[in-house]
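Trainee: next input, structure requested:
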Amino acid sequence: MAIINSKLIGIGSYVPDFVLTNDMLEQLVDTNDEWIVKRTGIRERHIAKGMRTWELGFKAAERALQNAGITADKLDMIIVTTCSPDFYSPIEASVIQEKLGAKCAAMDLNTCCSGFVYASDVADSFIKCGKAKTVLVISAETLSRVTDYTDRGTCVLLGDGAGAVVYAATEETDKGILSSYTSSDGSGAEYLYMEALPLEEDPLKADRSYDQSKRFLKMAGAPVVRFTAWAVPQAIDEALHRAGLEASDIDWVVPHQANLRILDVIAKKYNLPMEKIYVNLDRFGNTSSASIPLALDEMRQKGMLHEGQTIVCTGFGGGLTFGAFVIKL
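Mentor: Residues are numbered from 1 along each chain as shown. The predicted model follows:
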């Protein structure tokens, strides 16, 4: 039986037009540009005004399909990752499926900032086992809707956007996803979370008012940074080991865009120049699961991606979840 790999054949992205700069944030909360840049590396982020999460995802998906040179009727599966969905039901993937005109399986996946890595692993698994030939992965977030703009520790970090990729089955043994690794540490769940539904002492009572501030994202920064310090190297080490590769084989690391300090840790750990760590969080902030595919599409548009390159993508965040995969273009 021929070996089947999951080849990356299309990438697309979309960000809303409105740009929220650090100077603008000074008018909302006690902060300043110097403080934000020094601690995070972020200068601005895009904010969706009057747009739903599925709309951002749909636009990114259209562009990914166009880049892949295929139509939606060729898809066997659509996976949407988001931690800021518009609905509990219908799911985002079903809404986007209908808008694209696709006739295939569709599902949502929520592992927060690790979502794109997890979804790529799922897509790769379906392709490798023969259940799908072509899978569209969309990562879309409107984090502005769950951001407390009175909390300077979180509101300076988050932005909105979407990225999408198309994976297709190939018998080329030297192309596609070579390995994946995903994991979780639930002991740190309380350090980064958003409450979905209120706890009701009596769900039958008539008055079911809910404190809307509870739905905002809550984060304890220091424990999360400590988590990434061991989780990200573990994920990359294991993904490289499974692929039979060394750090010296890496052409690009495309990480979740959380904090410039974390990205600097990755570079030093693997003795890689920062020029090999793709960074765009200065212009987009932390867009959770959308950050990796958004970065990949920006690299594509700049002509930075070439056949034969080896790329490591790594995600980490709420859950606390983490993971990485190695892909050969």
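
Trainee: for residue 79, which non-adjacent residue is closest in space?
Mentor: Leaving aside its chain neighbours, residue 79 sits nearest to residue 119 (4.6 Å; criterion: C-beta to C-beta, 6 or more residues apart in numbering). Placement of C-beta: from N, CA and C, glycine included.

Trainee: cool, residue 262 as well?
Mentor: Excluding its sequence neighbours, the residue lying closest to residue 262 (C-beta to C-beta, 6+ apart) is residue 228, at 5.2 Å.

Trainee: from what I see, residue 108 and residue 90 are in contact.
Mentor: No: using C-beta atoms under 8 Å, residue 108 is not in contact with residue 90; the gap is 9.7 Å.

Trainee: the two: who's more crowded?
Mentor: Taking neighbours as other C-beta atoms under 10 Å, residue 108 and residue 90 compare with residue 108 leading, 22 against 14.

Trainee: now the helix or strand harbouring that one: buried residues?
Mentor: Following DSSP states H and E, one finds residue 108 within strand 105-109. By 16 or more other C-beta atoms under 10 Å, the buried positions in strand 105-109 come out as 105, 106, 108, 109.

Trainee: mind putting these into a markdown table with distance to residue 11?
Mentor: Formatted as a markdown table, those follow (distance: C-beta to C-beta, whole Å):
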| residue | distance to residue 11 |
| --- | --- |
| 105 | 22 |
| 106 | 20 |
| 108 | 21 |
| 109 | 19 |
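
Trainee: one step back: so how far is residue 294 from the residue nearest to residue 79?
Mentor: Using C-beta to C-beta, to the nearest Å, we find residue 119 at a distance of 14 Å from residue 294.

Trainee: more neighbours, these two?
Mentor: More crowded of residue 119 and residue 294, by other C-beta under 10 Å: residue 294, with 31 against 27.

Trainee: which residue packs closest to the residue most central in space within the chain, ignoring adjacent ones?
Mentor: By C-alpha atoms, centre = their mean, the chain has its centre lying nearest to residue 289, at 1.9 Å. Once flanking residues are discounted, residue 289 sits nearest to residue 115: 3.1 Å by C-beta to C-beta, 6+ apart.

Trainee: residues in a beta bridge with residue 165, which ones?
Mentor: residue 11, residue 137 (DSSP bridges).

Trainee: and if you look at residue 252?
Mentor: Going by DSSP bridges, residue 252 forms beta bridges with residue 311.
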